[in-house]
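Participant: Just need the structure, nothing else, for what follows:
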Amino acid sequence: MGEPEIGFRIEDPIVLGGIVALLFWLCSEGLLQLLGFRQPKAERRDSLWWYCCHVPALYGALVFSLLDATLLHWTTVGTALGSVRWVGVALVAVGIIIRLVSRLALGKQFSVHVQTTPGHRLITTGIYRFIRHPLYLGLICLLLGFPLCFGSVAGLACGLVVAATVLHRIRTEEAALAGWFPDEYRQYQARTHKFIPAWTKAQTAMIIGAVLLLAAGIATIAVKENAAHRHEAWREKFDLSVLDPVPPQVSILPSIHSRMHWDGSRNGKALGLGQSVPDLLMFAYGVRQAQLIPTVPVPSGKFDFIASLTTGIEANQEALRQEIKKKFGLIARYETIKTNVLVLTVQSRNAAGLKPTAGQLSGSWWHFWYDYYSVHDQSISTLVGYLEHSLGTVVIDQTGLTDNFDIDFEWDSTPESLKEVLVDQLGLKLTPARKAVTFAIVDKADGQK
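Facilitator: Residues are numbered from 1 along each chain as shown. Okay, here's the model as predicted:
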């Protein structure tokens with residue numbers, strides 16, 4: 001069990017790359033403004049609707065996509081359709097490049113307003129030699145690319161709406177340019193297109209064919225990925241009830257959660273979110289952290305796992321061992337070693353801090369840190385695990401307590417304080433002893449380097 005996810009998730013490499021790209025684009029556009037790549041203000045300019053409506057909508061769509069992917073998770077597709085999200089990465093890269101090349105080509109002729117100033121000239125060189133509105137093409141790529149990159153369905157819908165306003169803006173701008181440069185702009189329009197270069201029919205057919213092949217490939221991969229993720233509802237939130245309807249399976253996948261660490265079992269099946277490799281090993285081999293002895297480096301990272309075979313907990317543990325061996329190249333062997341331990345016993349009955357769960361709250365939970373422990377409807381084994389983690393040694397439970405309890409205490413982070421709290425509040429005592437303990441010795445599997 002553990003704490004629910006409450007915050008920012010940027011472990012997804014596509015989301016992280018999108019954030020970096022968004023910051024780079026905003027900073028590069030701002031830097032060009034500071035360097036003077038813009039027109040001076042004119043006395044007569046277009047109306048303020050572009051600022052009052054379009055600009056907030058533009059940045060709102062991008063910011064919402066980012067928040068949806070990292071904090072809200074309202075309309076995100078998670079790890080599904082990863083290939084389609086990589087299309088978003090490509091659109092973002094193309095969009096940023098086109099925007100920067102266009103800004104450099106315009107130089108001091110750039111303006112966010114539809115305006116003309118003394119010395120204004122029509123730019124028909126550089127990328128403008130091929131298309132008339134590369135800045136807007138780049139913007140549309142970004143409006144579609146960032147939501148795809150972040151996997152935000154609502155963000156993509158917002159991007160499409162804003163892209164429609166860009167098309168209206170283009171009509172307004174072309175009408176103004178035709179008025180300022182009547183003959184020159186008419187000739188320019190005749191030899192260029194708005195967004196796509198004026199290719200020959202053969203070139204156009206080749207491009208369309210390549211795009212169709214790419215789209216077909218992406219659609220095929222997306223369908224396969226979506227099928228692969230159709231049984232992964234168990235990963236979205238920690239809910240042991242999903243273990244009943246989910247098809248029998250044993251799987252370990254990179255976690256989609258950054259601040260979640262939950263695990264539990266139900267009817268011989270198990271589920272864990274945000275688990276480390278040692279966590280996986282502890283469940284698979286039925287030991288606690290103090291009984292796990294790695295002899296080789298253990299991979300870092302967080303993982304989600306499910307073990308939902310219908311043949312019992314032992315079968316699920318064995319299947320998870322095989323999955324750990326296949327995925328990480330790790331196995332463990334049991335070895336009994338006589339070692340120093342702490343034995344937990346009952347010193348006084350009916351202690352005020354050891355309260356049997358009365359059922360006044362629904363569900364069980366625990367929450368603890370290095371200096372406090374608070375649980376509801378938990379067995380003594382949960383406390384034993386906490387003591388082992390806090391004191392760094394094996395704890396043997398000889399209390400004989402089989403009920404579940406509500407326990408809540410604080411201590412000052414020293415072993416002496418923890419032992420005093422156990423006696424004073426819970427009526428439990430830790431006694432040093434030397435006992436034979438079964439450990440799980442973790443090593444590389446045969447043939448693994």
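Participant: Now P432: closest residue in space that isn't a chain neighbour?
Facilitator: Setting aside the residues directly before and after it, P432 is nearest to L342 in space (Cβ to Cβ, 6 or more residues apart in numbering), at 6.1 Å. The C-beta positions use only the backbone N, C-alpha and C, and glycine is treated the same way.
Participant: what's around the one you found, how many residues?
Facilitator: Other residues near L342 number 21, with proximity taken as other Cβ atoms under 10 Å.
Participant: check which helix or strand covers it.
Facilitator: strand 330-346 (DSSP states H and E).
Participant: I'd like the average pLDDT over that strand.
Facilitator: This predicted structure assigns strand 330-346 an average pLDDT of 96.
Participant: packing partners for that strand?
Facilitator: helix 277-285, helix 313-328, helix 380-391, strand 394-397, strand 428-444 (3 or more Cβ pairs under 8 Å, 6 or more residues apart in numbering; DSSP states H and E).
Participant: if we go to 10 Å?
Facilitator: Under the contact criterion of 3 or more Cβ pairs under 10 Å, 6 or more residues apart in numbering; DSSP states H and E, the helices and strands touching strand 330-346 comprise helix 277-285, strand 292-294, helix 313-328, helix 380-391, strand 394-397, strand 428-444.
Participant: and the angle from that strand to helix 380-391?
Facilitator: Using axes from the mean of the first three to the mean of the last three Cα atoms, to 10 degrees, the interaxial angle of strand 330-346 with respect to helix 380-391 works out to 100 degrees.
Participant: What strands line up against strand 330-346, and which way round?
Facilitator: Using DSSP bridges, the strands paired with strand 330-346 are strand 394-397 (parallel), strand 428-444 (antiparallel).
Participant: buried sites along the longest one?
Facilitator: Translated: strand 428-444. Using 16 or more other Cβ atoms under 10 Å as the test for burial, strand 428-444 gives L428, K429, L430, V437, F439, A440, I441, V442.
Participant: Tabulate the CA atom coordinates of the helix or strand where L144 lies in CSV.
Facilitator: Taking DSSP H and E as the criterion, L144 maps to helix 134-150. Extracted as CSV, the C-alpha positions of helix 134-150 are listed here (Å, rounded to 0.1, in the frame of the first residue of the first chain):
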residue,chain,number,x,y,z
PRO,A,134,5.1,29.8,-43.4
LEU,A,135,4.7,31.5,-40.0
TYR,A,136,1.1,30.4,-39.8
LEU,A,137,2.0,26.9,-41.1
GLY,A,138,4.5,26.6,-38.3
LEU,A,139,1.9,27.8,-35.8
ILE,A,140,-0.7,25.3,-37.0
CYS,A,141,1.9,22.5,-36.7
LEU,A,142,2.6,23.6,-33.1
LEU,A,143,-1.1,23.9,-32.3
LEU,A,144,-1.6,20.3,-33.4
GLY,A,145,1.8,19.0,-32.4
PHE,A,146,1.9,19.9,-28.7
PRO,A,147,-1.5,18.4,-27.8
LEU,A,148,-0.5,15.2,-29.7
CYS,A,149,2.8,15.2,-28.0
PHE,A,150,1.2,15.6,-24.6
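Participant: Could you list every helix and strand in contact with the very next helix or strand once past that helix?
Facilitator: With elements assigned by DSSP H and E, the helix or strand that comes after helix 134-150 is helix 153-180. Helices and strands touching helix 153-180, by 3+ Cβ pairs under 10 Å, 6+ apart, are helix 55-67, helix 134-150, helix 182-191.
Participant: Compute the inter-axis angle for the second one and helix 55-67.
Facilitator: It refers to helix 134-150. In this structure, helix 134-150 runs at an angle of 30 degrees to helix 55-67, with the same axes, to 10 degrees as the basis.
Participant: just checking, what packs against helix 134-150?
Facilitator: Contact here means 3+ Cβ pairs under 10 Å, 6+ apart; on that basis helix 134-150 packs against helix 13-34, helix 55-67, helix 82-106, helix 153-180.
Participant: Give me the below-cutoff pLDDT ranges for the stretch 1-150 of the chain.
Facilitator: Applying pLDDT under 70 to the stretch 1-150 of the chain flags residues 1-12, 39, 41-54, 77-83.
Participant: so K108, which of the three states?
Facilitator: At K108 the chain is in helix, as set by DSSP: H, G, I helix; E, B strand; the rest coil.
Participant: Counting neighbours, what do you get for it?
Facilitator: The number of residues packed around K108, counting by other Cβ under 10 Å, is 13.
Participant: Now do the same contact list for it.
Facilitator: When contacts are counted by Cβ atoms under 10 Å, 6 or more residues apart in numbering, K108 touches G36, F37, R38, Q39, P40, T117, G119, H120.
Participant: Nearest to S251, out of those residues: which one, please.
Facilitator: Proximity of the contacts of K108 to S251, judged by Cβ to Cβ, is greatest for F37, which lies at 52.0 Å.
Participant: pretty sure that closest one belongs to a helix, no?
Facilitator: No. Secondary structure of F37, determined by three-state DSSP: coil, with no helix assignment.
Participant: For it, which residues are in contact?
Facilitator: Each residue near F37 by Cβ under 10 Å, 6+ apart is listed here: E29, L31, R103, L104, L106, G107, K108, Q109, F110.
Participant: Right, I'll leave it there.
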